[in-house]
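Colleague: just coords:
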């Protein structure tokens, strides 16, 4: 009966997440959608804490009160113009949470309890860590750029995209080795370290005008990371909520790119965009000028 109650709570939370995100699509129902989504998260958190039995009801209530007080303070003090920065912080926290949960679950299972790690769970672990780490550092770099305290403007250097590609290939290699040899945690930590670096390197070349698009994309990343964390923990509501955030985030990102008459690839690969501008605009113009002069 207890397990049925937990599953019913998860089902209710999942339905409220879906309805809440749907209502966020219109200004007239956005406040209600936000309330329903927050209620869904509350139900999911309480149900999970009761299920795993790691905290007493008093500790759960205390944590909810402290968290609610912090949220209420920032909701009333942060200006609307600073919302992108606040969202960037939330995205970073979400990505960091996925990294910590997936890493701790892996360590508990494989290193402490000496349990086998099946390929599906291992894949969930590495994807949670990689996407979560990129989201965390990328979000905080985005916050710094928006505040004007870190990497102001687009930071581009020679060989930047090649370096990113090389690091990504190394991460894929480390992830594959971890899935094949899960008893070697060094592979996970190398992948984690490089992923944290990739989060920095992929955001610093993006200019300030494109930062809202990047923050929306990072929001999607945080949802995808949470989804894979749910696979690791075998938690259905986390999988559903993460998938919803990931899908809605990427849709919003595409809408924003379309409104700016830009492609997502053009936004992310800022340095390549400059090269494309030189190749498509400046070189043909120089050729036409040379042709008119020399006939």
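Modeller: Perfect, thanks for sending it. As the structure is a computational prediction, the values presented were derived from the model and not from experiment. Residues are numbered from 1 along each chain as shown.
Colleague: domains in the protein, as residue ranges please.
Modeller: With domains defined by automatic domain parsing, the chain comprises 1-77, 83-288.
Colleague: Of these, which stretch is the most buried?
Modeller: Across those, averaging neighbours per residue (mean count of other Cβ atoms under 10 Å) puts domain 83-288 on top, at a mean of 18. Quick note: C-beta positions are derived from backbone N, CA and C, even for glycine.
Colleague: Quick check: closest non-adjacent residue to residue 7.
Modeller: residue 236 (8.0 Å; Cβ to Cβ, 6 or more residues apart in numbering).
Colleague: show me the contacts for that neighbour.
Modeller: 7, 10, 14, 230 (Cβ atoms under 8 Å, 6 or more residues apart in numbering).
Colleague: With residue 93 instead?
Modeller: Under the criterion of Cβ under 8 Å, 6+ apart, the neighbours of residue 93 are residue 136.
Colleague: if we go to 10 Å?
Modeller: Contacts for residue 93 (Cβ atoms under 10 Å, 6 or more residues apart in numbering) come out as 135, 136, 139, 140, 222.
Colleague: Name the pair among those residues with the greatest separation in space.
Modeller: Farthest pair in the contacts of residue 93 (Cβ to Cβ) is 140 and 222. Separation: 12.4 Å.
Colleague: what helix or strand does residue 162 sit in?
Modeller: Per DSSP states H and E: residue 162 is located in helix 160-180.
Colleague: Heading C-terminal from that helix, find the next helix or strand.
Modeller: Later in the chain than helix 160-180, the nearest helix or strand by DSSP H and E is helix 186-203.
Colleague: tell me the average confidence for the helix holding residue 162?
Modeller: Helix 160-180 shows a mean pLDDT of 92.
Colleague: element containing the nearest residue to residue 147 once chain neighbours are set aside?
Modeller: In this structure, residue 147 finds its nearest non-sequential neighbour in residue 85, 6.1 Å apart by Cβ to Cβ, 6+ apart. Here residue 85, judged by DSSP H and E, is contained in helix 83-106.
Colleague: Between helix 186-203 and that helix, find me the angle.
Modeller: When axes from the mean of the first three to the mean of the last three Cα atoms, to 10 degrees is applied, the directions of helix 83-106 and helix 186-203 differ by 170 degrees.
Colleague: average model confidence for stretch 113-123?
Modeller: For stretch 113-123, the mean pLDDT works out to 88.
Colleague: any residues touching that stretch, and which ones?
Modeller: Residues from elsewhere that reach stretch 113-123 (Cβ under 10 Å, 6+ apart): 102, 105-110, 124-125, 175-176, 178-183, 188, 228, 231-234.
Colleague: And for stretch 9-24?
Modeller: Under Cβ under 10 Å, 6+ apart, the answer for stretch 9-24 is 29-48, 50-51, 235-241, 243-245, 247-248.
Colleague: Just the ones of those residues in helices?
Modeller: Of these, the ones assigned to helices by DSSP state H are 30-48, 50-51, 236-241, 243-245, 247-248.
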